[in-house]
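In: just coords:
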């Protein structure tokens, strides 16, 4: 059973790079009643100094090596925000240290690593959560409320799309770890990951069968830059996910579901929301009334996710996004690669 944590939770950060600087930090600083950033770790001095200064961390609690932080700092929990290929290693080390763990996605780069990670979490009896931040944006939250509370009917189909136009510099594996297989990069695990959990949650039923084509078409690197996925859900609904780093469509991102009478479309991963009544065939914008400026809106998913997850940990309750969610999403990605090789649908429950 989860155990109650100190109030506020004493938090350590493993990794202080771009995602922490742009999205994590301000959301954490906004909930001082729930969390206090007590220590940080990053091998890059500039990252340590930037976050350390912003979070007012004393020099003794700014570590180059996260293992030293885990051994010396008084912590209740850590957030892991490192390159994908390090997630499993860092989670296992944090579990051995006996702290609660919140990890950026994906949980690992393979199902074998994922299962080793889960064994360590179970052995050391520590809470483990994965960051599915776009479930917590204003548009997504309102879309899920509408689907839950309004008489929209049974969800039949869905579609998610995330198309980006990366430059050659942004796709250079020598300087961008997301463009390197060794670091766990690739568009399906980095970008489509979000659309997978979004469309599954919007449909309201787990993905069972996966058909897909995952390829490299636009850049000279060893990871995928285009992924087209077709899902059949447990309830019989069907949906698609399309993602690419080489298809500049104004950085277009949508996630939409349809019933026989209505449609609901999330735009910009929850920055906007639209509603369709098929009787008049017109999409209408939904007033989200969040009162956030553009900067705060861009961070809202992480901020709301951390608030919900840290509140659950503080109260000794399971986190909202669990290890089971994390492994299931990774299984879908693994199934997509397998379906590409075999050129046939893959049953996720067999992985």
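Out: Perfect, I can see it now. Remember, it's a predicted structure, so these values are computed and weren't measured experimentally.
In: tell me where the model's unsure across the stretch 201-350 of the chain.
Out: 250-251 (pLDDT under 70).
In: helices of that one, start to end?
Out: 294-314, 323-342 (DSSP state H, counting those that start in this stretch).
In: which elements pack onto the shortest one?
Out: For helix 323-342, the packing partners by 3 or more CB pairs under 8 Å, 6 or more residues apart in numbering; DSSP states H and E come out as helix 111-124, strand 128-130, helix 193-203, strand 207-215, strand 226-233, strand 346-347. All C-beta spots, glycine's among them, are computed from the backbone N, C-alpha and C.
In: now distance to residue 158 and mean neighbour count too, for the helices of the stretch 201-350 of the chain, in a markdown table please.
Out: Output for the helices of the stretch 201-350 of the chain, formatted as a markdown table (distance: least, CB to CB, whole Å; neighbours: other CB atoms under 10 Å):
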| stretch | distance to residue 158 | mean neighbour count |
| --- | --- | --- |
| helix 294-314 | 19 | 20 |
| helix 323-342 | 14 | 20 |
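In: domain boundaries for the chain, per the record?
Out: 9-132+303-320, 154-258+329-350 (automatic domain parsing).
In: count of neighbours near the closest residue to residue 257 other than its chain neighbours?
Out: Once flanking residues are discounted, residue 257 sits nearest to residue 158: 4.1 Å by CB to CB, 6 or more residues apart in numbering. Counted with other CB atoms under 10 Å, residues neighbouring residue 158 total 24.
In: shouldn't residue 158 be within a strand?
Out: Yes: counting by DSSP: H, G, I helix; E, B strand; the rest coil, residue 158 falls inside a strand.
In: quick one, what contacts it?
Out: 199, 202, 203, 237, 238, 239, 240, 255, 256, 257, 258 (CB atoms under 8 Å, 6 or more residues apart in numbering).
In: what segments of the stretch 51-200 of the chain are helices?
Out: Under DSSP H, counting those that start in this stretch, the stretch 51-200 of the chain gives helices at 66-72, 87-96, 111-124, 138-149, 187, 193-203.
In: ok so, going back, which one of the helices of the stretch 201-350 of the chain lies nearest to residue 17?
Out: Judged by CB to CB, the one of the helices of the stretch 201-350 of the chain that comes nearest to residue 17 is helix 294-314, at 14.0 Å.
In: show me what that closest one is packed against.
Out: Using 3+ CB pairs under 8 Å, 6+ apart as the test, helix 294-314 ends up in contact with strand 9-14, helix 25-29, strand 77-80, strand 100-103, helix 138-149.
In: buried stuff in the second one?
Out: For helix 25-29, the neighbour count (16 or more other CB atoms under 10 Å) marks 25, 27, 28 as buried.
In: what about residue 40, which SS state?
Out: On the basis of three-state DSSP, residue 40 is classed as strand.
In: how far away is it from residue 157?
Out: Noted for residue 40: a distance of 45 Å to residue 157, by CB to CB, to the nearest Å.
In: between those two, which one's more packed in?
Out: Ranked by neighbour count (other CB under 10 Å), residue 40 and residue 157 place residue 40 first, with 28 against 15.
In: ok, now which ones touch the residue positioned nearest the centre of the chain?
Out: In the chain, the residue lying closest to the centroid (CA atoms, centre = their mean) is residue 132, at 3.5 Å. Going by CB under 8 Å, 6+ apart, residue 132 touches 105, 194, 197, 305, 321, 325, 329.
In: for the helices and strands packed on helix 323-342, which one sits closest to residue 136?
Out: helix 193-203 (11.1 Å).
In: quick check: beta-bridge partners of the residue nearest to residue 257?
Out: Note on residue 158: beta-bridge partners by DSSP bridges are residue 239, residue 257.
In: report pLDDT for the nearest residue to residue 59 once chain neighbours are set aside.
Out: Distance criterion CB to CB, 6+ apart; nearest residue to residue 59, sequence neighbours excluded, is residue 52 at 7.5 Å. At residue 52, the model reports a pLDDT of 97.
In: what about residue 52, neighbour count?
Out: Neighbour number of residue 52 under other CB under 10 Å is 22.
In: do the same with residue 121
Out: Around residue 121 there are 20 residues (other CB under 10 Å).
In: same thing with residue 92?
Out: 21.
In: please apply the same query to residue 111.
Out: If we define neighbours as other CB under 10 Å, then residue 111 has 15 of them.
In: residues in contact with it?
Out: Going by CB under 8 Å, 6+ apart, residue 111 touches 327, 330, 331, 334, 351.
In: could I get those residues as CSV with distance to residue 266?
Out: Output for the contacts of residue 111, formatted as CSV (distance: CB to CB, whole Å):
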residue, distance to residue 266
327, 24
330, 22
331, 23
334, 25
351, 28
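In: residue 9 is in contact with residue 76, correct?
Out: Yes: contact criterion CB atoms under 8 Å: residue 76 and residue 9 qualify, at 4.8 Å.
In: between those two, which contacts overlap?
Out: 100, 313.
In: any idea how far residue 51 is from the closest residue to residue 66 other than its chain neighbours?
Out: Nearest in space to residue 66, with sequence neighbours left out and distances taken as CB to CB, 6+ apart, is residue 41 at 3.8 Å. Distance of residue 41 to residue 51, given as CB to CB: 10 Å.
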